[in-house]
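*Asks:* Make a model of this:
(2 chains)
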Amino acid sequence: MGRKILLDKINIPGIKTYEVYRQNGGYASVEKALKQMTPDEVTEEVKTSGIRGRGGAGFPVGMKWSFIDKKSGNPRHLVCNADESEPGTFKDRYLMEYIPHLLIEGMITSSYALGANLSYIYIRGEYMWVYKILERAIAEAKAAGWLGKNILGSGYDLDLYVQVGGGAYICGEETALIESLEGKRGNPRIKPPFPAVKGLWQNPTVVNNVESISAVPWIVMNTGAEYAKIGIERSTGTKLISASGHIKNPGVYEIELGVSVEEFINSDEYCGGMIDDRPLKALVPGGSSVPILPAHLIYKTAAGTDRLMTYESLSDGGFATGSMLGSGGFIVYNDTTCIVRNTWNFSRFYHHESCGQCTPCREGTGWLEKILWRIENGQGREEDIELLWSIQSKIEGNTICPLGDAASWPVAAAIRHFKEEFEYHIRFPEKIKNRDHFVAEPFDKVRHLVAKQTV
Amino acid sequence: MGEISNIKQNINISEALMARINELISHYPEDKRKSALLPVLHEVQDAHDNWLSIELQDKVAEILHIKPVEVYEVVSFYTMFNRRPIGKYMFEFCQTSCCVTRGVENLMDYACEKLGVGIGETTADGMFEIRGVECLGACGYAPMLQLGDFYHENLSKEKFDQLVEDCKAGKITLHDK
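*Replies:* Below you'll find the predicted structure:
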């Protein structure tokens, strides 16, 4: 059994409520931080822990905190990013729904470290019932004296509120999130200035993911050095992985970073193997934005070493043969999956979610979607594969925010690893009329047709 | 979402609704009332048959001391705000990749056939509407749909049938107030 830091108490009956959470050691990190530590000492512990942002980018949390502008004297804010919208990702919701006080405790301790007196949790609008759970939990925490003026007689004041979004993936990008929190359209801002200098209402702001903030109470109680002992190299600590797709036991799992991908997929402690014992075809290890991996690169890297659930191992080989840990949105596909259809599905998602500010993304995502649709529907042309490659390469790196990259990478990776499947769609339109074309006849059974054609 | 409607909407900002709006406004510094816009729009929409006419959006602008266009541009950006009347029970199926692996496409076909509507359409009696939406963050519990403030997960045809019956019987609560 791997060590549990975030989920160790999640099955205690009644842990959703303040009383039970408190009886089980809840809010101890607030007591410890406010009574025994300076804000900088809390920040130091988080730095020492090596914890990297759990939303997807993987930027070290402590370093992000240290960038916050304390010189200007402007009010500072901590904003929790609970806009979880990356396809394949449903871990933050699990924490907030079942142990909401953990996040609130983390928000108080972290806000203290940053010197923030007004903090927000920005949650996606679709999680409306979770928004209500958090609102009620915050009211409980406030009634118990953990929020408001002069908390624990320390002289530290904090107001904490939840803000609800309106249904827009882009608001998971931190500057778009800030715009949305200000009551505007979720259009990302050009950086710099970074939020640490000019964020919410132009005040210094740190935006952190739910899972990152929820790890802070443990780090404060047990020290950053203890946290850093878990995991491998620069992948310290534990990570929530939300597993979905063609596996026996989809769900949210807390792993010690460093577990092998093979164990994670096949062990009964985690995914429990493939549904109906069908062959594994592909894996998206870190949310829809990260490159898809073909079967031969899932358990082993191109160099032949075991592929591990760490930031480094999952990206081993770069985009040529690797992927990314990302948000931990772990999507497993078996041999009935059509990669073309799946890539079209992702492209439709990004086209729908593009905010429309930058031309390459606004137009390019639409072209990707349409061209993929025509290939999937038997109207593809030989030159379409080149065209898709060209379009994605012109979006990547040419937009204000990373949504453009996120839209490009899945298309690039699909062509890189599954080009024959695209060719099959283009050359044998009569074979793909039914949308479930690979259910009865998986691609491996018809791959030889493509090969013959090209000889 | 969707086109703008010219249908007249009865506007009623009740005392309870106004109290909730004022509470939401109090979450932000006094000169930042506009920040309350998204949560206020949700509350106002919930209290008005789940849609926001231009007149209702103007009313929100008035309450928050902002220009009407500042409300319009937000309502038209976010998918959860409806600019036309919608079915009383709107089934929003997640149709992104993970739900597809678990058969949402077939389930949506079934739902459309059962209710006699296409995706994005409302039944003639105004009771039901079916939509396909993008990832709702329930990938491990697929296929699923959102109905009001709640998720209905690990769906099957039988569970969907039951849900429709529960809606008809008035057993379904749409909003968590």
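
*Asks:* contacting residues around the residue in chain B positioned nearest to chain A?
*Replies:* In chain B, no residue comes nearer to chain A than B:Tyr78, which is 2.9 Å away by CB to the nearest CB. From N, CA and C alone the C-beta is placed, and that goes for glycine too. Residues counted as contacts of B:Tyr78 (CB atoms under 8 Å, 6 or more residues apart in numbering or on different chains) are A:125, A:165-168, A:186, B:38.

*Asks:* Identify the residues contacting the residue lying closest to it once chain neighbours are set aside.
*Replies:* In space, not counting the residues next to it along the chain, B:Tyr78 is nearest to A:Gly166; the distance is 2.9 Å by CB to CB, 6 or more residues apart in numbering or on different chains. By CB under 8 Å, 6+ apart, the contact set of A:Gly166 is A:125, A:180, B:38, B:41-42, B:74, B:77-81.

*Asks:* Tell me which of these fall in strands.
*Replies:* Judged by DSSP state E, the subset of the contacts of A:Gly166 located in strands is empty.

*Asks:* from those residues, which two are the most distant?
*Replies:* Checking the contacts of A:Gly166 against each other with CB to CB, the farthest-apart pair comes out as B:His42 and B:Phe77, at 14.2 Å.

*Asks:* Give me the domain ranges for chain B.
*Replies:* Listed by automatic domain parsing, the domain ranges of chain B are B:15-75, B:89-168.

*Asks:* could these go into CSV alongside mean neighbour count?
*Replies:* Converted to CSV, the domains of chain B look like this (neighbours: other CB atoms under 10 Å in any protein chain shown):
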stretch, mean neighbour count
domain B:15-75, 18
domain B:89-168, 19
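
*Asks:* Any idea which of the ones you listed gets closest to A:Gly322?
*Replies:* Among the domains of chain B, domain B:89-168 comes nearest to A:Gly322, with 20.4 Å by CB to CB.

*Asks:* so where is the stretch 201-350 of chain A shaky, pLDDT-wise?
*Replies:* Within the stretch 201-350 of chain A, no range satisfies pLDDT under 70.

*Asks:* So which bits of it are right by chain B?
*Replies:* Proximity of the stretch 201-350 of chain A to chain B is assessed by CB under 8 Å from any CB of the partner chain, with A:201, A:242-246, A:250-252, A:284, A:288, A:329, A:331, A:333, A:337, A:341-342, A:345-346, A:348-349 identified as the residues in range.

*Asks:* Name the residue of the stretch 151-300 of chain A that lies nearest to chain B.
*Replies:* With CB to the nearest CB as the measure, A:Gly166 is the residue of the stretch 151-300 of chain A nearest to chain B, at 2.9 Å.

*Asks:* so, in contact with chain B or not, the one helix or strand A:Gly106 maps to?
*Replies:* Mapping A:Gly106 onto the secondary structure by DSSP states H and E places it in helix A:100-114. No: contact check for helix A:100-114 against chain B, using CB under 8 Å from any CB: none in range, with a minimum separation of 14.3 Å.

*Asks:* Skip ahead from that helix and say which helix or strand is next.
*Replies:* With DSSP H and E setting the assignment, the helix or strand that follows helix A:100-114 is strand A:118-123.
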